[in-house]
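> dropping the sequence and predicted coords here.
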Amino acid sequence: MGSINGMEQALVERAGLKIELIPAAGLRGKNPLAALASLWLLSQGYRQSWHIIQRFQPDVLFITGGYVCVPVTLAAWRAGVPVIIYLPDIEPGLAIRFLARFASRVAVTTAETCEFFKSGLSVVTGYPVRAELLTGPIDETSKVTARRQLGLDEALPVLLVFGGSQGARSINQAVTSQIEAYLEVCQVVHISGKLDESWVSARRAELSPELQARYHVSAYLHEEMTTALVATDLVISRAGAAVLGEYPAIGLPSVLVPLPIAGGHQALNADYLARHQAAVTVDNADLKRDLKEIVINLIADKERLQAMGNACRSLAKPDAATRLAQEILEVKRYGN
């Protein structure tokens, strides 16, 4: 189940699964009229969720956060369906804090997240990642193979710029404004997001043919995303929860630019990797001033990149998906 107009619909359908869409909206920071409208949507979502649950008759409800989970969880709880939450971020948002009281179990990515829940409710599973990322440590042979598959220069360092499925305009602007400097020291795979693809591609067209050959722009990568991660020496990205799972899985050093909203969850994710020497963080407001120097210095320092990669790899939990599946089955079996 997902939200109307949410990005999850395309991803779920691409995986060949059925999805039910329900209305939902958040309440954080809204004026009274907007909050009333959101409450109306949530009540509509609750009624629709109740009918779906009655029809589907689930043994267990598994949720991963967001306001769309509120009406679904309330309907499931009313129907006597046990609930398990998976919290990918370091700190729970308002929705998960509220819904935890209805859950039989809360699975979390890191041990420090357990402090947000009552004793005995949470269990550390780690962040589940795609099986193709669980290939063991990435060596030079793996990188060369991945670069060849993407049509990249096998010898040049690779910088991946990735703002998430919707892109990140501030990152895109900071990189493109000084793209020539980056291309002097590495090749760049830039995943711009659909909204910025046209002007990022236009910026590429302004470059000399030699620099264009080093600059690869895409709106989004699906099947090739894993290959791009393996090919990469350093990534610039936001700090959504996936960085806690996917980057450690392959030991990928990163420069993280937390989105300066969403309750500060991305900043906590970035700080976690930075504290473990696996990433460097840059404030969104400081991108144009600091990003280029940080990235170019890291690209030139192979020993530091190697140390960051090793530190990141040490945080991986390759059996996270299995652990999470076992917890779901336990909740299904015992309901607590």
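All right, it came through fine.
> what are the ranges of the strands in the stretch 101-250 of the chain?
For the stretch 101-250 of the chain, applying DSSP state E, counting those that start in this stretch gives strands covering 105-108, 122-124, 158-162, 187-191, 215-218, 234-237.
> CSV for those, including distance to residue 253 and mean pLDDT?
In short, each C-beta sits where N, CA and C put it, glycine included. Listed next are the strands of the stretch 101-250 of the chain as CSV, based on distance: least, Cβ to Cβ, whole Å; pLDDT from 0 to 100:
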stretch, distance to residue 253, mean pLDDT
strand 105-108, 24, 97
strand 122-124, 24, 97
strand 158-162, 11, 96
strand 187-191, 15, 97
strand 215-218, 20, 96
strand 234-237, 5, 98
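> out of these, flag the one nearest residue 286.
Closest approach to residue 286 among these (Cβ to Cβ): strand 234-237, 13.2 Å.
> what's that closest one packed up against?
strand 158-162, helix 169-177, strand 254-256, helix 287-300 (3 or more Cβ pairs under 8 Å, 6 or more residues apart in numbering; DSSP states H and E).
> any idea which of the strands of the stretch 101-250 of the chain gets closest to residue 200?
strand 215-218 (5.4 Å).
> what's the helix or strand for residue 333?
helix 320-334 (DSSP states H and E).
> only alpha carbons, please: show that helix as PDB.
Coordinates of each C-alpha in helix 320-334 appear next as PDB, following Å, rounded to 0.1, in the frame of the first residue of the first chain:
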ATOM      1  CA  ALA A 320      19.900  -7.500   7.300                       C
ATOM      2  CA  ALA A 321      17.200  -8.700   4.900                       C
ATOM      3  CA  THR A 322      17.200 -12.200   6.400                       C
ATOM      4  CA  ARG A 323      17.000 -10.800   9.900                       C
ATOM      5  CA  LEU A 324      14.100  -8.600   9.000                       C
ATOM      6  CA  ALA A 325      12.300 -11.400   7.300                       C
ATOM      7  CA  GLN A 326      12.800 -13.500  10.400                       C
ATOM      8  CA  GLU A 327      11.300 -10.800  12.600                       C
ATOM      9  CA  ILE A 328       8.300 -10.500  10.300                       C
ATOM     10  CA  LEU A 329       7.700 -14.200  10.600                       C
ATOM     11  CA  GLU A 330       8.000 -14.100  14.400                       C
ATOM     12  CA  VAL A 331       5.500 -11.300  14.600                       C
ATOM     13  CA  LYS A 332       3.200 -13.300  12.300                       C
ATOM     14  CA  ARG A 333       3.600 -16.400  14.400                       C
ATOM     15  CA  TYR A 334       3.300 -14.900  17.900                       C
END
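> give the rounded mean pLDDT of that helix.
Per-residue pLDDT over helix 320-334 has a mean of 94.
> adjust the sequence numbering to begin at 24 for everything that follows.
Sure, I'll start counting at 24 from here, so that last one is helix 343-357.
> show me how far that helix is from its chain's centre.
22 Å (Cα atoms, centre = their mean, to the nearest Å).
> buried sites along it?
Residues of helix 343-357 classed as buried: 343, 344, 346, 347, 350, 351, 353, 354, 355 (neighbour count, 16 or more other Cβ atoms under 10 Å).
> surely the fourth one and residue 109 touch.
Yes. Counting by Cβ atoms under 8 Å, residue 347 does reach residue 109; the two are 6.2 Å apart.
> what sits in contact with each of these two?
Shared contacts of residue 347 and residue 109 (Cβ atoms under 8 Å, 6 or more residues apart in numbering): 130, 148.
> where does the stretch 174-323 of the chain dip in pLDDT?
187-190, 285-286 (pLDDT under 70).
> go again with 80.
187-190, 284-287 (pLDDT under 80).
> coming back round to it: out of the helices and strands packed on strand 257-260, flag the one nearest residue 135.
Across those, closest to residue 135 is strand 277-279 (Cβ to Cβ), at 17.5 Å.
> give me every residue that touches residue 244.
214, 251.
> give me the domain ranges for the protein.
25-149+342-357, 154-336 (automatic domain parsing).
> next, the distance between the ends of the last one.
Between the opening and closing residues of domain 154-336 lies a distance of 16 Å (Cα to Cα, to the nearest Å).
> again, but for stretch 114-124
Start-to-end, stretch 114-124 (Cα to Cα) is 16 Å.
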